[in-house]
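> Fold the stuff below for me.
(one chain, ligands or ions: 2)
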Amino acid sequence: MKVVMAKDLLKANSDLAKRNREMFQKARVLVVNMISSPGAGKTTLLEKTIPLLKNELSLAVIEGDVYTTRDAQRIENQGVEVIQINTSGGCHLDANMIASATKDLPLDELDLLFIENVGNLVCPAGFDLGEDHKVAVLSIAEGDDKPAKYPAVFRDAEAVVLNKIDLLPYTDFNLEEVTKQIRDINGGNNMFKVSAKTGEGLEAWLAWLRLEANNKRALQRG
Ligand code: MG
Ligand code: ZN
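Ligands and ions are numbered 1, 2, ... in the order given. Okay, here's the model as predicted:
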């Protein structure tokens, strides 16, 4: 019997992630790995973000989904290139999947590549994909204890998007408490309070993406 230890799998993943990162560096494309539980609104956030950026930045999306192509179809409707990864039950994306998916993308022509990870707040945190930044999306509907309960995702996230703030008046979600949890875990520098549905708060999120994409583009020129 051959036994493969989890730590060996993770080592293999991080080797591949390193290779992805070098490839993204060479292409000077900013790669953002979006992580949340199911239903936090990653796809809706991307649907609203893409039309507001696609005239100034060249965008593409890798969509991780367990079985369906529903989210990929919604993104494709925004007129950008989408590569769908069906994990067939798998609960996270890994670096190998990203390496395969990017073979079909014109990386050199892209400024910003979004990866929508599988809806899951646990293991996507453990699998480096070679991205520049992880972004955690948390929705008001999920309750205000998630950062404290799933600290790994929030610790590694360069930015946290607090989505569905239009629901605040209808819940007992404690915004102050969550802000404090996030600040305790990761400093809370980049926290965006938005409603992807109404468009409220999106400007700061867009400004951050623009800045990061432009920094990446300028990186090796200077
Ligand atoms: Mg989705
Ligand atoms: Zn998993």
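
> ok, which stretches of the protein are helices?
Taking DSSP state H as the test, the helices found in the chain are 6-27, 42-53, 70-76, 95-102, 146-149, 151-156, 175-186, 202-218.

> In the longest one, which residues are buried?
By that I understand helix 6-27. Using 16 or more other Cβ atoms under 10 Å as the test for burial, helix 6-27 gives 13, 16, 17, 20, 21, 23, 24, 27. Where you see a C-beta, it was placed from the backbone N, CA and C, and this is true even at glycine.

> With stretch 67-79 instead?
71, 72, 75, 78.

> since we're on the residue lying closest to the first one once chain neighbours are set aside, how many residues are nearby?
It refers to residue 71. Closest residue to residue 71 apart from its sequence neighbours, by Cβ to Cβ, 6 or more residues apart in numbering: residue 43 at 4.4 Å. Close neighbours of residue 43, defined as other Cβ atoms under 10 Å, add up to 22.

> ok now do residue 43, which residues does it touch?
By Cβ atoms under 8 Å, 6 or more residues apart in numbering, the contact list for residue 43 reads 71, 74, 75, 116.

> if I look at the third one, how far off is ligand 2?
If you measure residue 75 against ligand 2 using Cβ to the ion, to the nearest Å, the figure is 22 Å.

> Check the gap between the residue of the chain found nearest ligand 1 and residue 57 for me.
For the chain, the residue closest to ligand 1 is residue 43, as judged by Cβ to the ion, at 3.4 Å. Computed as Cβ to Cβ, to the nearest Å, the residue 43 to residue 57 distance reads 19 Å.

> Tell me who's in contact with residue 54.
Counting by Cβ under 8 Å, 6+ apart, residue 54 has contacts 78, 79, 80.

> For the nearest residue to the last one once chain neighbours are set aside, list the residues it contacts.
Nearest-residue entry for residue 80: residue 59, 4.8 Å, with adjacent residues in sequence omitted and distances by Cβ to Cβ, 6+ apart. Contacts were defined as Cβ under 8 Å, 6+ apart; by that measure residue 59 touches 50, 53, 80, 81, 110, 111, 112, 113, 114.

> Identify the farthest-apart pair in those residues.
53 and 81 (14.0 Å; Cβ to Cβ).

> so where's the protein uncertain?
Where the chain drops to pLDDT under 70, the residues are 220-222.

> So which bits of it are right by ligand 2?
With Cβ under 5 Å from the ion as the criterion, the chain comes near ligand 2 at residues 91, 92, 123.

> The residues you listed into a markdown table, with extra columns for neighbour count?
As requested, the residues of the chain next to ligand 2 are exported to a markdown table (neighbours: other Cβ atoms under 10 Å):
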| residue | neighbour count |
| --- | --- |
| 91 | 14 |
| 92 | 19 |
| 123 | 17 |
